[in-house]
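*Asks:* After the sequence you'll find the predicted model.
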Amino acid sequence: MKNTMRRSVRLFIPVLAISVILTGCSEPAEPDVDPDAPVTITVSNQPPASQAAELEAYLKVIEDFRAEHPNITVKGVETGWDPQTFQAQLAGGQLPNVMVVPFTEPQGLIARGQLADITAELEQVGLKDMLNPSASAVGRDAEGRYFGVPVDAYALGLAYNRDLFEKAGLDPDKPPATWNEVREAAKTISEETGVPGYVQMTSGGQGGWMLTAMTYAAGGTVENDDGSAVTFTDPPGAMQQQLELLHAMRWDDESMGSNFTYDQMGALKEFAAGRVGMVISAPIGYAFTTQLFGMDGKDFGLAPMPQGAEAGGSLSGGALHVVTPGSTPEQRLAAVEFIAFRLEMYLDEDTAVEAAKLAVEAGMPVGLPGLSPLKGDYRDRYLEWVADYVNVPLENFALYDETVNTIPLRPEPPVKAQEVYASLDSVVQAVLTTRDTDIPATLATTKSTIEGLLSR
């Protein structure tokens, strides 16, 4: 990397992590691109003036980058990922050179030729061989070419209230490892404390998101590898099994309470208040519950995603930094330099410490578990560097952290994931609100609906 790993602050304050996220692909970088030539790039997700602290941090990143790359002018824009406007902005040449997109989108964008191939640029700056193969898979095509870099990546797990576990007579250091154990723990919590032992999100596409995560954990899939077919009714019938489990928890055990309209923030708010025992969450749920809803951090536990009878893995997600088509070879290289700049905290101790210090000053968590964008022991070394600034109870994430790189990671459905999730919301709602729901028939109807979505 040009001017690599000098001391600087790399803190795109979690405005990206917390808030995230028709031309052919550009050709790979030409070998005669001058890395020192003057060039201007635009970067997405600049916070508005009303978010003064976040804007200051965002501009600080640009300032520090310019100090190391004086030939590259970086202009921030407020444009962020919006599936409703992306196509028009792409056709009109109005997209910034660097964008942040959620993990649900890259495979479809790659298939439609709507991202730049940055394989050569990643090689040129020395980043390609350092990337974590699991975390970066969502940004690669079938031939192994790279179209994006994961910066904020995670695997879903099971958040559980350690205080409620103790009150229910459960061991908070031994959370459920299977979905049958989740059912048992939820029943115990409900009986012993009077609060729902487990709640399921059902709205805003998040019901389908969590049902997909449960399906993966039980060995099933939602779409085939290229998104050309709906597969959630295929053997081993994992989605039906998981819906039957939720039905039993709701109607037989009565361990899920009476609110069946939760979205993510609604569920986490109740969880933070001690009114819910368990909920599926990403590690960032710790920040939501403690910073937004006042939960005591010592009560937040995060376990690996419980597995089914046929263990299938954990749904991964996050944000991918991509370069948009239409960028010149010089802009592609500069854009990749800027993306790589965000990862220096894993490679330089001074950078890591300075970024951690700023995060603590901003009230943000330091030390949350997650998927390292880089392979090897980079994240472990980073945690050693910032040990004095870690402000989360690492012991509460120990099981999750130990398994996040051993439980197979499963990418989100490759085509129209958000629309698929929204369609599956109604399935979850039906199971939790109507006792005699015919689950196989409901799934068959929903499958037909989603097949129509995929065919368009």
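*Replies:* Right, received. Where do you want to start? Quick caveat: nothing in here was measured; it's all calculated off a predicted structure. Residues are numbered from 1 along each chain as shown.
*Asks:* Run a quick neighbour tally on V195.
*Replies:* 21 (other Cβ atoms under 10 Å). No exception for glycine: its C-beta is placed from N, CA and C like everyone else's.
*Asks:* cool, the one 3 residues further on as well?
*Replies:* Per other Cβ under 10 Å, the neighbour tally for Y198 reads 26.
*Asks:* Following element in sequence after the helix or strand that contains E63, please.
*Replies:* Assigned by DSSP states H and E, E63 falls within helix 52-68. Later in the chain than helix 52-68, the nearest helix or strand by DSSP H and E is strand 72-76.
*Asks:* ok, back up a step: of all the residues in the helix holding E63, which ones are buried?
*Replies:* Across helix 52-68, burial judged by 16 or more other Cβ atoms under 10 Å covers E54, L55, A57, Y58, K60, V61, I62, D64, F65, E68.
*Asks:* Next, the buried residues of stretch 378-385.
*Replies:* The neighbour-count check on stretch 378-385 (16+ other Cβ under 10 Å) flags Y378, R379, Y382, L383, W385 as buried.
*Asks:* same thing with stretch 229-247?
*Replies:* Result for stretch 229-247 [16+ other Cβ under 10 Å]: buried residues 230-232, 237-243, 245-247.
*Asks:* Also stretch 133-153?
*Replies:* Buried positions in stretch 133-153, judged by neighbour count with 16+ other Cβ under 10 Å: 134-141, 145-153.
*Asks:* What helix or strand is T42 located in?
*Replies:* strand 39-43.
*Asks:* Output the contacting helices and strands for that strand.
*Replies:* strand 72-76, strand 98-102, helix 329-341 (3 or more Cβ pairs under 8 Å, 6 or more residues apart in numbering; DSSP states H and E).
*Asks:* ok, then the element right after the longest one?
*Replies:* Scanning forward in sequence from helix 329-341, with DSSP H and E defining helices and strands, the next element found is helix 349-361.
*Asks:* which residues sit against the next helix or strand after that following helix?
*Replies:* Using DSSP H and E, the helix or strand that follows helix 349-361 in sequence is helix 378-385. Here helix 378-385 makes contact (Cβ atoms under 8 Å, 6 or more residues apart in numbering) with M130, M345, Y346, L347, E349, A352, V353, A356, G367, G370, S372, V390.
*Asks:* switch the cut-off to 7 Å
*Replies:* M345, Y346, E349, A352, V353, G367, S372 (Cβ atoms under 7 Å, 6 or more residues apart in numbering).
*Asks:* Looking at pLDDT only, which of those scores worst?
*Replies:* Lowest in pLDDT among the contacts of helix 378-385 is S372, which has 85.
*Asks:* could you measure the closest residue to it other than its chain neighbours against L409, distance?
*Replies:* Residue nearest to S372 in three dimensions, not counting chain neighbours: R379, with 3.8 Å by Cβ to Cβ, 6 or more residues apart in numbering. Distance, R379 to L409, by Cβ to Cβ, to the nearest Å: 15 Å.
*Asks:* Helix or strand for the most centrally placed residue in the chain, just tell me which one.
*Replies:* The structure's the chain has its C-alpha centroid closest to G318; by Cα atoms, centre = their mean the separation is 2.3 Å. Assessed by DSSP H and E, G318 sits inside strand 314-323.
*Asks:* quick one: average pLDDT of that strand?
*Replies:* pLDDT averaged over strand 314-323 gives 93.
*Asks:* coming back round to it: which one of the helices and strands packed on strand 39-43 lies nearest to L432?
*Replies:* In this view, the helices and strands packed on strand 39-43 are compared for proximity to L432 by Cβ to Cβ, and strand 98-102 is the closest at 26.0 Å.
*Asks:* what comes up buried for the helix or strand following that closest one?
*Replies:* Sequence-wise, the next helix or strand downstream of strand 98-102 (DSSP H and E) is helix 106-111. Neighbour-count burial for helix 106-111 flags P106, Q107, G108, L109, I110 (criterion: 16+ other Cβ under 10 Å).
*Asks:* Return the member of these nearest to A311.
*Replies:* Of the buried residues of helix 106-111, the one sitting nearest to A311 (Cβ to Cβ) turns out to be Q107, at 24.0 Å.
*Asks:* list the contacts for the closest one?
*Replies:* Counted by Cβ under 7 Å, 6+ apart, Q107 has contacts V138, G227, P414.
*Asks:* CA atoms only for stretch 330-340, dumped as CSV, please.
*Replies:* Extracted C-alpha coordinates of stretch 330-340, given in CSV (Å, rounded to 0.1, in the frame of the first residue of the first chain):
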residue,chain,number,x,y,z
GLU,A,330,-7.3,6.3,-11.5
GLN,A,331,-10.4,6.7,-9.4
ARG,A,332,-10.7,2.9,-8.9
LEU,A,333,-7.2,2.8,-7.5
ALA,A,334,-7.7,5.8,-5.3
ALA,A,335,-11.0,4.4,-4.1
VAL,A,336,-9.4,1.1,-3.1
GLU,A,337,-6.6,3.1,-1.3
PHE,A,338,-9.4,4.9,0.7
ILE,A,339,-11.1,1.6,1.5
ALA,A,340,-7.9,0.0,2.6
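*Asks:* what's it in contact with?
*Replies:* Contact with stretch 330-340 is made by 1-2, 26, 29, 33, 35, 37, 39, 41, 43, 65, 69, 72, 74, 97-98, 116, 118, 121-122, 124-125, 127, 149, 321, 323, 327, as judged by Cβ under 7 Å, 6+ apart.
*Asks:* if we go to 8 Å?
*Replies:* Stretch 330-340 has contacts (Cβ under 8 Å, 6+ apart) with 1-2, 26, 29, 33-35, 37, 39-41, 43, 65, 69, 72, 74, 97-98, 116, 118, 121-122, 124-125, 127, 149, 151, 321, 323, 327.
*Asks:* roughly how far out does it sit from the chain middle?
*Replies:* Distance of stretch 330-340 from the chain centroid (Cα atoms, centre = their mean, to the nearest Å) equals 23 Å.
*Asks:* ok, the closest residue to P83 other than its chain neighbours to A352 distance?
*Replies:* Spatially, and ignoring its direct neighbours in sequence, P83 is nearest to Q418 (6.8 Å; Cβ to Cβ, 6+ apart). Going from Q418 to A352 by Cβ to Cβ gives 34 Å.
*Asks:* The two - which one has more neighbours?
*Replies:* Between Q418 and A352, counted using other Cβ under 10 Å, the more crowded position is A352 (22 against 16).
*Asks:* what sits against that one?
*Replies:* So A352 contacts M345, Y346, Y382, W385, V386 (Cβ under 8 Å, 6+ apart).
*Asks:* Assign A441 to helix, strand or coil.
*Replies:* Following DSSP: H, G, I helix; E, B strand; the rest coil, A441 is assigned to helix.
*Asks:* wait, isn't S327 in contact with A116?
*Replies:* Yes. In this structure, S327 is within contact of A116 by Cβ atoms under 8 Å, at 5.7 Å.
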